[in-house]
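Enquirer: Whatever this is, show me its structure:
(one chain, ligands or ions: 2)
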Amino acid sequence: MSVLAARDLSVSYGKIRAVKSVSFAVERGEVVALLGSNGAGKSTLLRAVAGSVAPEAGQVLLGGRDITGWPAHRVARAGITLVPEGRGLLARMTVWENLLMGQYARGADDAHALEAAMDRFPVLRQRRRQIASTLSGGEQQMLAIARALVGRPEVLMLDEPSLGLAPRLVSAIFDVVAGLKREGVTIVLVEQNARKALAVADRAYILETGRVVLEGPAAELAAGEAVQRAYLGGAPA
Ligand SMILES: Nc1ncnc2c1ncn2[C@@H]1O[C@H](COP(=O)(O)OP(=O)(O)OP(=O)(O)O)[C@@H](O)[C@H]1O
Ligand SMILES: [Mg+2]
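Expert: Ligands and ions are numbered 1, 2, ... in the order given. Below is the predicted model:
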């Protein structure tokens, strides 16, 4: 059974239909990429899964259990953790307080997971008393991911984790995703950087104006002409 599935999910903001009958599934340990241009509905889809917007139709299933319409805090407790666009850190709180809040959101109390997060990102240990808003962009993204991981999510959803970062840091973030994949963490990855996302993902879905227009194994999509032309800047090599 899929760890996460959306069935015919639709979401509107007033008259704007942002997500139109989208279905997708994520198996345990998979990295699934959601790709598409600006305004395609990627963030809205993640928000609907996370319970921060209510879908007008369709279902969200976590391990086969219908969680549609659950409030965000309850979805988080059940194990779906969203690292939103813009990271969603508690800007005036310290690195350490942000990590504690990550555990609180999941209803966890796990000193080992906190240590493991700081082992993964040593800069966070070094800066654990520093106010989150004073971290660099790359460090803030690391903190946002660490804050999600300390709750040991069933599904980690990352919304454009590399956005606005310098190339070296973009690579560092993708290395983190690849490392988490090796450890068996189940990940839904929304990215503008389609090439890097398809390189790390097992499967991908491509959205256009709120609908899934293509889906399949990431390697196949990366090699396909339509994706090359629309998202990878040219014809296949
Ligand atoms: N809070 C909101 N209120 C009204 N409309 C919204 C809201 N958030 C998103 N939309 C609209 O819904 C559609 C989908 O937006 P969404 O942010 O989900 O796309 P996206 O694929 O994440 O885009 P981007 O790549 O720019 O992050 C767009 O037309 C957008 O303008
Ligand atoms: Mg978005």
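Enquirer: For the rest of this, base every contact and every neighbour count on C-alpha atoms.
Expert: Noted.
Enquirer: Point out the residues in the protein that sit beside ligand 1.
Expert: When proximity is defined by Cα under 6 Å from any ligand atom, the chain lies next to ligand 1 at 13, 18, 37-44.
Enquirer: Generate the ChimeraX command that creates a selection of the buried members of those.
Expert: Burial among the residues of the chain next to ligand 1 is assessed by 16 or more other Cα atoms under 10 Å; the matching ChimeraX selection reads:
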select :18,37,40,41,42,43,44
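Enquirer: Spatially, which two of the residues of the chain next to ligand 1 are the most separated?
Expert: Between any two of the residues of the chain next to ligand 1, the greatest separation by Cα to Cα is 18.6 Å, found for Y13 and S37.
Enquirer: Can you report phi and psi for the residue nearest to S2 when sequence neighbours are not counted?
Expert: Closest residue in space to S2, ignoring its immediate chain neighbours: E27 at 4.6 Å, by Cα to Cα, 6 or more residues apart in numbering. E27 adopts backbone torsions of phi -90, psi 160, taken as degrees, to the nearest 10.
Enquirer: I figured E27 hits L62, correct?
Expert: No. Applying Cα atoms under 8 Å, one finds E27 not in contact with L62, separated by 10.7 Å.
Enquirer: neighbours around P167, how many?
Expert: P167 is flanked by 10 other residues according to other Cα atoms under 10 Å.
Enquirer: next one: L100
Expert: 19.
Enquirer: Kindly state the pLDDT recorded for it?
Expert: With respect to pLDDT, L100 scores 95.
Enquirer: now do the one 10 residues further on
Expert: As summarised for this prediction, D110 has a pLDDT of 89.
Enquirer: Stretch 104-112 spans what distance, first to last residue?
Expert: End-to-end distance of stretch 104-112 (Cα to Cα, to the nearest Å): 15 Å.
Enquirer: three-state assignment of the residue nearest in space to the middle of the chain?
Expert: What sits nearest the mean C-alpha location of the chain, by Cα atoms, centre = their mean, is L158, with 1.8 Å. Under DSSP: H, G, I helix; E, B strand; the rest coil, L158 falls in the strand class.
Enquirer: what are the bridge partners for it, then?
Expert: Counting by DSSP bridges, L158 is bridged to V83, L189.
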